[in-house]
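sequence first, predicted model second:
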Amino acid sequence: MPYTRVSYQQWEEKELKNPSLVRDGFFIASDGPRLVGYSNVWHMAKEPRTLYQAKTGVRREYRGRGVAMVLKLRVIDYARQNRYDVIKTWNDSANTPILAANTKLGFKREVGWITMEKTLT
């Protein structure tokens, strides 16, 4: 299936206007004036002691430099300072660098869903 680019408006609706967004849990990495990465967390009322690390994104040219790791560590620090007990996250199974970072930080795999597709010709 080809990649479909998300518009800024779609991203803003899903990320910045999301009612679950923890506004002071939104972290940005910069290289001088250039924004190079971000990570944000969500909070669900049904799990009051749990944060969801919703997104961690790094500009392609800054990947492999530890930016995502620093952002994830900042989220862990934020969770500890605010007395959360659990952080949950997820990632694409093909994204081995972020999977390795999550594993290194102590995230444990849980049972997941397998998405299947059948092409009808």
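Here it is on my side, so go on. Computed from a prediction, not measured in an experiment: that's the story for all the values here. Numbers count the residues shown, from 1 in each chain.

how close does the closest residue to Val36 other than its chain neighbours get to Gly112?
In space, and not counting its chain neighbours, Val36 is closest to Tyr62: 4.4 Å by Cβ to Cβ, 6 or more residues apart in numbering. Yep, even glycine has a C-beta here, placed from its N, CA and C like the rest. Distance, Tyr62 to Gly112, using Cβ to Cβ, to the nearest Å: 28 Å.

okay, now the unreliable bits of this structure?
Residue ranges of the chain with pLDDT under 70: 1.

please enumerate the helices of it.
Applying DSSP state H to the chain gives helices spanning 8-11, 67-81, 96-104.

related to what we said a few turns ago, test my guess that the residue nearest to Val36 contacts Leu35.
No. Tyr62 is beyond contact range of Leu35, at 10.1 Å (criterion: Cβ atoms under 8 Å).

more neighbours, the two?
For Tyr62 versus Leu35, neighbours defined as other Cβ atoms under 10 Å are more numerous around Tyr62 (15 against 10).

for that one, give me its contacts.
Residues near Tyr62 by Cβ atoms under 8 Å, 6 or more residues apart in numbering: 29, 31, 36-37.

reformat the helices of the chain as a markdown table; add distance to Arg49 and mean neighbour count.
A markdown table is the format used below for those (distance: least, Cβ to Cβ, whole Å; neighbours: other Cβ atoms under 10 Å):
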| stretch | distance to Arg49 | mean neighbour count |
| --- | --- | --- |
| helix 8-11 | 28 | 10 |
| helix 67-81 | 10 | 17 |
| helix 96-104 | 20 | 15 |
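
out of those, flag the one nearest Leu120.
Nearest to Leu120, of all those, is helix 8-11, at 27.9 Å by Cβ to Cβ.

same for that closest one, what does it pack against?
For helix 8-11, there is no helix or strand it packs on, judged by 3 or more Cβ pairs under 8 Å, 6 or more residues apart in numbering; DSSP states H and E.

can I get the CA coordinates of that helix in PDB?
This file holds the C-alpha atoms of helix 8-11, laid out as PDB (Å, rounded to 0.1, in the frame of the first residue of the first chain):
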ATOM      1  CA  TYR A   8      -0.600  19.600   8.700                       C
ATOM      2  CA  GLN A   9      -4.300  20.000   9.500                       C
ATOM      3  CA  GLN A  10      -4.800  16.300  10.000                       C
ATOM      4  CA  TRP A  11      -1.700  16.100  12.200                       C
END
